[in-house]
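> only geometry, no sequence info:
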DNA sequence: CAAGATAGTGTAAGGTTTACACTAAGTCAA
DNA sequence: TTGACTTAGTGTAAACCTTACACTATCTTG
């Protein structure tokens, strides 16, 4: 038992995990095994421990529940409506994670709950206020494509310009002109040719590129 | 005494309160009356109560400590480093508040602590990690000027274009061309002439404008 | 009524964004 | 082996947006 002179809320982290797969923007949900919302899909997340920072806690939950580690994570927003959890007052610090498409190797989650990727169009009903969190994360992602290099976080080490353009088109839900996209992207000076080529399919092979500064998300323009 | 099966952190809100005064961007600090950091300046804020939402708590603290109410408030970021408070684990949800220059009527704070406005250039040493919070709030404010109508939150009901331009110049720390500023601002279609004039000083009077949609911060291209 | 102060206004040049169509290089099947 | 198919790769002109720049208007005060 832990005692405090004043009441304390519980604090959790929840993580909106995006990836691109099958030409769709998908996000990961976990089937809840216990009450409340038993049997409903929810964002992965859990209680912050007192000896770990918020981001550390989010990464720990991410790994425990999905086996994913070492990915891009950014704090999204903190949700603290009084009644958002029927059990006790729970404040959640929400994070967004972006996963490169080649990294999704979902081993069965350690807690033996079901794990699933859902496209934004066919999200199931979500537990708690998670729909709201997901919507905000999605909105922010779309906005950030325009003024940052966040899209690179979906790319593997090496990629072609067409693959990169696909990511933009999928997230923004709009077609882009091939020439203008290339001109724009190359002018940003954020990617460089690796020298390699990708040959796949019955057509001219594509040059491979890599991100010049992969550890940073740059603000562009 | 309050008991929990698992340990819970304390949760506070801290508020970075900006205004423009004496042609400077200023922010409000409160002198701490007790330990830790007794005698140091700090952001106004305090513990979230279990029956109030985060923003409600922030507004309550704002009013209690400064007498200010009904102003623009937005969530900034949540800080949760393990050792940010020497007493116990404290997670703080930081907010930014923007106050129109005509609203600053700082009655002595109810808690009878000293209250002061500091220009960004001459900030005193701050308690906890408040310097970091202030820096982030400042950076965000500067960024938002470019792509939103947030600057209006510093304006009184009616204002002149020159006064509005002053706000931009003070925050961005750069001079802007008078004609281009007016063209740009009017093209945004966010303010309208009120019909009134401000006559002050020995020169042509200036037309007064007001914000068309004062309750919303619009995202502008 | 002249001096001094801030308000208010247009235009041309430069830069950025958009629209648009053909050639290059590979595979595969006839 | 060659023609059909597929995706990769490339330039230019028009439209639009941004920037630089200087003079007139209207008031107060001495």
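Now that the structure is in, tell me what you want to look at. Quick caveat: nothing in here was measured; it's all calculated off a predicted structure.
> for residue A:162, see how far away the closest residue to DNA strand D within chain A is.
The nearest approach of chain A to DNA strand D comes at residue A:203, 2.5 Å away (CB to the nearest atom of the strand). Bear in mind the C-beta positions are built from the backbone N, C-alpha and C, glycine included. Taking CB to CB, to the nearest Å as the measure, residue A:203 falls 11 Å from residue A:162.
> what does the average pLDDT come to for stretch A:173-185?
For stretch A:173-185, the mean per-residue pLDDT is 98.
> and if you look at stretch A:139-155?
Mean predicted lDDT for stretch A:139-155 stands at 97.
> same question for stretch A:17-27.
pLDDT averaged over stretch A:17-27 gives 96.
> any idea of the angle the longest helix seen in chain A forms with helix B:130-147?
The helix that spans the most residues within chain A, counting by DSSP state H, is helix A:130-147. If you take axes from the mean of the first three to the mean of the last three CA atoms, to 10 degrees, helix A:130-147 sits at 70 degrees to helix B:130-147.
> same for helix A:130-147, what does it pack against?
strand A:10-21, strand A:72-79, strand A:90-99, helix A:161-172 (3 or more CB pairs under 8 Å, 6 or more residues apart in numbering or on different chains; DSSP states H and E).
> what does the shortest one contact?
Taking CB atoms under 8 Å, 6 or more residues apart in numbering or on different chains as the criterion, the residues outside strand A:72-79 that touch it are A:15-16, A:54-55, A:58-59, A:62, A:91-98, A:129, A:132-133, A:136-137, A:140, A:150, A:153, A:217, B:54, B:75, B:77-78, B:93.
> buried ones in stretch A:16-30?
By neighbour count with 16 or more other CB atoms under 10 Å in any protein chain shown, stretch A:16-30 contains the buried residues A:16, A:17, A:18, A:19, A:20, A:25, A:26, A:27, A:28, A:29, A:30.
> can you tell me which residues in chain A are near DNA strand C?
A:177-180, A:183-184, A:199, A:201-205, A:221 (CB under 7 Å from any atom of the strand).
> and the furthest pair within these?
A:202 and A:221 (37.4 Å; CB to CB).
> between these two, which has more neighbouring residues?
For residue A:202 versus residue A:221, neighbours defined as other CB atoms under 10 Å in any protein chain shown are more numerous around residue A:221 (9 against 5).
> pretty sure the more buried one sits against residue A:145.
No: under the criterion of CB atoms under 8 Å, residue A:221 is not in contact with residue A:145, lying 11.9 Å apart.
> re the thing from before, max pairwise distance over the buried residues of stretch A:16-30: which two?
A:20 and A:30 (19.7 Å).
> so which bits of chain A are right by chain B?
Chain A comes close to chain B at residues A:1-11, A:47-54, A:75, A:77-78, A:80-82, A:89, A:91, A:93, A:147, as judged by CB under 8 Å from any CB of the partner chain.
> pLDDT below threshold where in chain A?
A:105-112 (pLDDT under 70).
> what's around the nearest residue to residue A:197 once chain neighbours are set aside, how many residues?
With CB to CB, 6 or more residues apart in numbering or on different chains as the criterion, residue A:197 has its nearest non-adjacent residue at 4.2 Å, and that residue is residue A:205. When counting by other CB under 10 Å, one arrives at 12 neighbours for residue A:205.
> how close does residue A:100 get to residue A:147?
Relative to residue A:147, and taking CB to CB, residue A:100 is found at 21 Å.
> no, scratch that, I was asking about residue A:119
Taking CB to CB, one finds residue A:119 at 25 Å from residue A:147.
> would you mind giving the domain segments of chain A?
A:10-146, A:150-211 (automatic domain parsing).
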